[in-house]
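>>> coordinates only, sequence not included:
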């Protein structure tokens, strides 16, 4: 792997620093395969991949709902992705996933929890 200096300038992963806790969920046949939360000059962004667990059927239409809870348990912010069409998981190929990215204009307080839930749309 080669790292190019400046490619992600200004981007700080709050999840890796432990400033926020990511809590991905599974819904039906779709799960959050990986996720991250970071800050940059534009605010706070939650990004990741949803993936199908089954190998049959047509693409499933889902949205990803992100709810940020402040350390006291109150809702700090919510966002819903556009429609995602997650294809079936092909065992022999790198398929069956779809990327999402949700942006918030402000950075949540340290110690916040980020709930990431795929929802049938």
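Thanks, I have it. All values reported here derive from a predicted model rather than from experimental measurement.

>>> output the below-cut-off pLDDT ranges for this structure.
Residues of the chain meeting the criterion pLDDT under 70: 1-10, 89-96.

>>> now the helices: where do they sit in it?
Assigned by DSSP state H, the chain shows helices spanning 14-17.

>>> need the contact list for residue 115.
Applying Cβ atoms under 8 Å, 6 or more residues apart in numbering to residue 115 gives the contacts 23, 25, 65-69. Quick note: C-beta positions are derived from backbone N, CA and C, even for glycine.

>>> out of those residues, who's nearest residue 106?
Distance to residue 106, by Cβ to Cβ, is smallest for residue 68 among the contacts of residue 115, at 9.9 Å.

>>> now for that closest one: which residues touch it?
Here residue 68 is in contact with 20, 75-78, 104, 108, 112-115 (Cβ under 8 Å, 6+ apart).

>>> now do 7 Å
76-77, 108, 112, 114 (Cβ atoms under 7 Å, 6 or more residues apart in numbering).

>>> quick one: which of those residues is most hemmed in?
Among those, residue 114 has the most neighbours (other Cβ atoms under 10 Å), with 24 neighbours.

>>> does it touch residue 37 like I think?
Yes: in this structure residue 114 lies within contact range of residue 37 using Cβ atoms under 7 Å: 5.5 Å.

>>> need the overlap of contacts for those two.
Residues touching both residue 114 and residue 37 (Cβ under 7 Å, 6+ apart) are 20, 22, 46.

>>> may I see the ChimeraX selection of the buried members of the residues you listed?
Burial among the shared contacts of residue 114 and residue 37 is assessed by 16 or more other Cβ atoms under 10 Å; the matching ChimeraX selection reads:
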select :20,22,46
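
>>> re the thing from before, distance to residue 83 added to the contacts of residue 115, as CSV?
Formatted as CSV, the contacts of residue 115 follow (distance: Cβ to Cβ, whole Å):
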residue, distance to residue 83
23, 23
25, 18
65, 13
66, 15
67, 19
68, 22
69, 25
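
>>> pull the most distant pair out of these.
Between any two of the contacts of residue 115, the greatest separation by Cβ to Cβ is 14.2 Å, found for 25 and 68.
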